[in-house]
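K.L.:
Provided below are the primary sequence and the corresponding predicted coordinates.
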Amino acid sequence: MSLDREPFLLGSRRIDGLGSILDAPQHQKSLTLAADDTAPGTARSFTRDVLTAWGAEDLLDHVVLIVSELATNAERHGRRAVHHGGGERDKQDPHRDEITLTLALQAGVVGIEVEDNSPEPPVPRIASPYATGGRGLLLVSAVADAWTACPKQDGSGKRVVAFVKRPETSLTP
């Protein structure tokens, strides 16, 4: 799926390319962080601060959950495979991989983009009932109005993009 070319219906709104939310938003803010265990918490705090500043508190719970799951996946699975000696990643490498989180708001839709350095696409798993992990993409699928993944244009990794729209308000007499 091309984010930039295909029209997409998000609720009752027609969006001419999901990428338009990220490419020409009313508001946009990005954060680049090291791909380590602090990344998900930092990404959640950043998201809370940004959505509050934009007056989009009604979307906070869903967007923070998605950001948390995507940042966790990027931290755990989105690093380049750099092996030293015994096959372990060198976590002390000063050139550690980074995660870039971009949030955008346009017409009541929040776009969430998480970039990492692995070209491997995200793969939803079916976790056993006793597993402590493996449900992140299932949660993203359940909470986001739409999500997709695509390689970065330069081939150096991937982008995972999700969208959350404002709930339709019903009119009461």
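P.N.:
Done, it's in.

K.L.:
list the contacts for residue 58?
P.N.:
Counting by CB atoms under 8 Å, 6 or more residues apart in numbering, residue 58 touches 166-167. For glycine as for every other residue, the C-beta is placed from the backbone atoms N, C-alpha and C.

K.L.:
three-state assignment of it?
P.N.:
Secondary structure assignment for residue 58 (DSSP: H, G, I helix; E, B strand; the rest coil): helix.

K.L.:
From residue 165, how far out is it?
P.N.:
For residue 58, the distance to residue 165 (CB to CB, to the nearest Å) stands at 11 Å.

K.L.:
now swap in residue 148 and tell me
P.N.:
Spatial separation of residue 148 from residue 165 under the definition CB to CB is 15 Å.

K.L.:
So if I had to pick from those two, which one is more boxed in?
P.N.:
Between residue 148 and residue 165, residue 165 has the larger neighbour count (other CB atoms under 10 Å), namely 20 against 17.

K.L.:
For the more buried one, list each beta-bridge partner.
P.N.:
Residue 165 has the following beta-bridge partners by DSSP bridges: residue 109.

K.L.:
Count the neighbours of residue 31 for me.
P.N.:
Residue neighbour count, defined by other CB under 10 Å, stands at 18 for residue 31.

K.L.:
tell me which residues of the helix or strand harbouring it are tucked away?
P.N.:
Remark: residue 31 resides in strand 27-34, with elements defined by DSSP states H and E. For strand 27-34, the neighbour count (16 or more other CB atoms under 10 Å) marks 28-29, 31, 33 as buried.
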